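1. below are the sequence and a predicted model for it; my questions follow.
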Amino acid sequence: MPRLNAWVHRLLGVFRKNRRDAEMSEEIQQHLDALTERNIAAGMSPKEARNAALREFGGVEQIKERAREQRVWLWANDFLQDLRFGARMLRRNPGFAILATLCLTLGIGTNAAVFSWIEGILIRPYPLVAHQDRMFALGGTTRGVTEGHGISYPDFVDLEKNSTLFESFIVDRIVGTTLSVGDRAERASGGIVSANYFDALGVRPMLGRGFRPEEGTGRNAHPVTVISYLTWQDRYKGDPEIIGKTQYLNGVQHTIIGVAPEKFHGTFIGYSFNFWVPTSMQETFDSTGYKLEDRGARWIESYAFLKPGVTRQQAQAELNAIAQRLENDFAETNRGQGFQLYPLWKTPFNAVGNLSPTLAITTGVAFFVLLIACANVSNLLLARSLVRRHEMTMRLALGAGRRRLIKQLFTEGLLLSLIAAAGGIVVAYWCRNALVLISPSRTPGITIDYPGQLDWRVLALSAAVCIGSTTLFALIPAIQASHVDLSGALKTEGSGVVGGSGRSRLRSALVFVQVALSFVLIAGTGLLFRSLVQMQNADPGFSTRNVVVSAADLFSAGYKPDQAKIFYEQLLERIRALPGVQSATLARVRPFSYSVYSSAPLEIEGYQPPRNEQVTADYNQVGEGYFSAIGIPIVKGREFTRNDDENAPPMAIVNETMAAKYWPGKSAIGQRLKVKDKWMEVVGVAKNANYRTKLENLMPFFYVPVRQNFVVQNNLIIRTEQSAAAIMNALAREIHALDPNLAPLDAITLQEQVDVMSYTQRLAVALLAIFGGMALFLAAIGLYAVMSYAVSQSTRELGLRMALGASVSDLLRLVMSRGLLLTGGGIVLGIVAALTLTRLMGNLLFKVSPRDPLAFGLALSVMTVVAMLACFLPAWRATRIDPVRALRI
Amino acid sequence: MAKEKPDLVYGTLDMLILKSLQHEPRHGLGIADRIQQMSRDILRVEQGSLYPALYRLEAQGWIKADWGVSENNRKARYYKLTAAGRKQLAAETEHWSRITAGIDFVLSGT
């Protein structure tokens, strides 16, 4: 204790010591002077008088010290005393203590968990990376419009060279490959990164080294790789001699030069990378060709670190100036091209953009849960303050200040929420990886990772929440309790009508608010759920059942186009011969995947684009019978056949939107468009479909035969009655027969593929459902507690009514109606609040109005049923009151 | 000064200070004098120990201090009883008289 005492003293001393000390010294000095004077007057010599005064006073310094301690120690002492007293009170009422801490743990825990997700995913997503507060994502723009694309490598080099406000730039491009170690082959994700990557991030490989500056350039000149800790442990069994060993990646032997530290996962939110290679190896990993010297190829994602003290606006201004210079110097490739800095939580090229609105709503929801939990605890405290009225009255009568009483009740509240906060942090710790559980189906070897992070900022924020909620829930009851009417309290409490006094009005108000808040949450959950169902049911424009997609990673296996052509020819032959398979074909990009469709500037015969409109459209390379296999109807013309190969004239099939846009009022069949210097004839018009997500708008899109535009890496599209698993086995057998070193990637149905893209929506529904359920539960407890308390307080009244002939149903009606009135009021308030708040969810909703009557109806009925249940038990108990005993009390 | 310092009963100093301030504000020395005088010289407060007690009472909000000028033109901090202090004094007086009455009964019993 003395140690603590000294510590508290020192701590507070910092603030007040000087002024108070000077005052104290002066006061004591004056006292001594007065004593001395008095002694002189009594006839002593000045010296004697002084000494006598000092003796009489006692040791000046010791007294000063004791006085200081008094001042500081006093409130610390009060605090500890309150704390001890509070702990005793809690121990004496374990039921109350457990219920209250449980409520608060839920409230604080959800908030801490959400904070940790936001911290770990949005604010500081990259563990071990230094200065994330100065780190920004950097993407390209076209005529000021963000298209989510990256920048070109030569532009990156120029940025590095010409900027003054930036500490460094890095570039990073996610790539996938098949990593075969021993006889185990699995998908692996990696990054093509600039040579300064590890240095700029401040991440030091735990073994070996990062890349050297010269390793960034020179076409395919530096086959070196840094592998992740997980890959090292998992695939290489933690081999301590790993540095200098070699590994085939995409058919090229790479030297392993480093192992990244355990916590470093790369710089792509959502994925944990397995390896990194320098930009010089780009061509090896990118099936679309060599791009390091191509200023027009904006393929690479970038991050920038600003110098300390530089604002984003200043940095953006410098980027704009550089973009301007580049436009002048390289008009052909850079006209209209700019750079755009984004805070990390708005990074356009990873999953963050989709997640942040979900997390924003989740934050609001978690706050609601906290409010409801606080209202509950407040309610419990109010109920208890009645029990403790005697104690409070006694203390007030004995002269305790009201402020002191409030302080004590507040301390008790703080004790509750401290325990709850500790519990909440544990909850948050358990939940830190919970987002992954709801994440889309996984590919073996690829780690999907949405880590929450519990750092000091999250802890500090949680502490703030803890203190804030204490203020919320403990202050009202404390003030109430301290306003005990001394004379009134001495009289015995007359048991009034069900819910009469001011205190119970306050409790009713709390329940009222709880019901309203839970209603908002349930309505929100209902809306999101309806939206998810709508999305699930929305027709993407192709069949999602009976179509299985898979692929063989020919590119990583080092196939040349000619070999790949033969391979696919033979493989499709074999697949089509499998029992239960109706058709099989190729597509370069499967719908609803993260792979990017080809896109090209177009020239359209007979179409004069308005000035400053660049005609462009996305397209896909597909095999013969693609449309029938995937189930997209051809509305005019024909679909691609076996004969549409290199020897046939170039052709394309456009979608309805494209046909209507460029050839309005006439048939698109036979029209021509020029793609990459090649004139193509339109041979068919396909029905519109969704290409990336169900949320996208209709857009012009076209297809070209894969045989005329061959690429090594293709997807297999198989229409079959069989399950994906059955196809997977057959596929593995057939591929193995053609090339023993190859294995198919996971076969999944198109439905599963589509579901992957609705991850954000499903996450939002799941989170809101969980939180909404918690809120409902808490509100039900609150309602139940208030009702049963009201019943127990009005036992006498109810007994009297019974004695006067009220029937069981009368009593039921009396009690229930009061509970339902309370609920009804809360629901009305909830509806008003929900109508305003759900509008904020606009962009998460799909074909559902934010005022969807079905969702509101659902919330209404759920609320009503729960309220009925919560009120029925107390009401039923009221009917069991024995009137004789009730009146005798 | 002789060392025959009649010890105050533990915990009574606060009450005595409050009592001494009942009618008018006083400075530290004045309080010590007043207690001595009211107790007809039986109780003598160690002057130094007054200050920790004064600060404690001030922190409790029972007394308030202001700088003023003393009778012989010295600067001095004057302590004044607050409303809460008055209540506290009443409560403690009541408490004290019950206890002393109780002790009297015990001691005068046979």
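-> Structure received.

2. in chain B, what helix or strand scores lowest on average pLDDT?
-> Ranking every helix and strand in chain B by mean pLDDT, DSSP states H and E puts helix B:47-60 at the bottom, with a mean of 83.

3. that one: how far from the chain's middle?
-> 10 Å (Cα atoms, centre = their mean, to the nearest Å).

4. ok, now stretch B:80-92?
-> Centroid displacement of stretch B:80-92 relative to its chain, using Cα atoms, centre = their mean, is 12 Å.

5. and it, what's buried?
-> Buried residues in stretch B:80-92, defined by neighbour count with 16 or more other Cβ atoms under 10 Å in any protein chain shown: B:81-82, B:84-85, B:87-89, B:92. (C-beta placed from N, C-alpha, C; glycine too.)

6. from A:Gln233, how far out is A:Phe555?
-> Distance, A:Phe555 to A:Gln233, by Cβ to Cβ, to the nearest Å: 27 Å.

7. ok, A:Gln314 next?
-> 43 Å.

8. one more: A:Ala366?
-> Distance of A:Ala366 to A:Gln233, computed by Cβ to Cβ: 35 Å.

9. repeat that for A:Thr177.
-> Where A:Gln233 is concerned, A:Thr177 sits at a distance of 19 Å (Cβ to Cβ).

10. between these two, which is the more surrounded one?
-> The neighbour comparison of A:Thr177 against A:Gln233 (other Cβ atoms under 10 Å in any protein chain shown) goes to A:Thr177, with 24 against 14.

11. which phi and psi does the more buried one have?
-> When quoted as degrees, to the nearest 10, the phi and psi of A:Thr177 stand at phi -150, psi 180.

12. quick check, A:Gly238 in a strand?
-> No - counting by DSSP: H, G, I helix; E, B strand; the rest coil, A:Gly238 is not part of a strand but coil.

13. can you list the low-confidence ranges for the stretch 601-750 of chain A?
-> A:611-614 (pLDDT under 70).

14. A:Ala100 touches A:Leu380, doesn't it?
-> Yes - using Cβ atoms under 8 Å, A:Ala100 is in contact with A:Leu380, at 5.3 Å.

15. remind me, longest helix of chain B?
-> Determined from DSSP state H, the single longest helix within chain B is helix B:83-108.

16. among the buried residues of stretch B:80-92, which pair sits farthest apart?
-> B:Thr82 and B:Glu92 (14.5 Å; Cβ to Cβ).

17. about what we covered before: so for the longest helix of chain B, mean pLDDT?
-> Across helix B:83-108, the average pLDDT comes to 87.

18. that helix: how far from the chain's middle?
-> 14 Å.

19. least trustworthy helix or strand in chain A by mean pLDDT?
-> Min over SSEs of chain A, mean pLDDT, DSSP H and E: helix A:486-490 (a mean of 52).

20. which strands or helices does the helix or strand hosting A:Arg733 pack on?
-> For A:Arg733, the enclosing helix or strand under DSSP states H and E is helix A:724-738. Under the contact criterion of 3 or more Cβ pairs under 8 Å, 6 or more residues apart in numbering or on different chains; DSSP states H and E, helix A:724-738 touches strand A:547-551, helix A:561-576, strand A:715-720.
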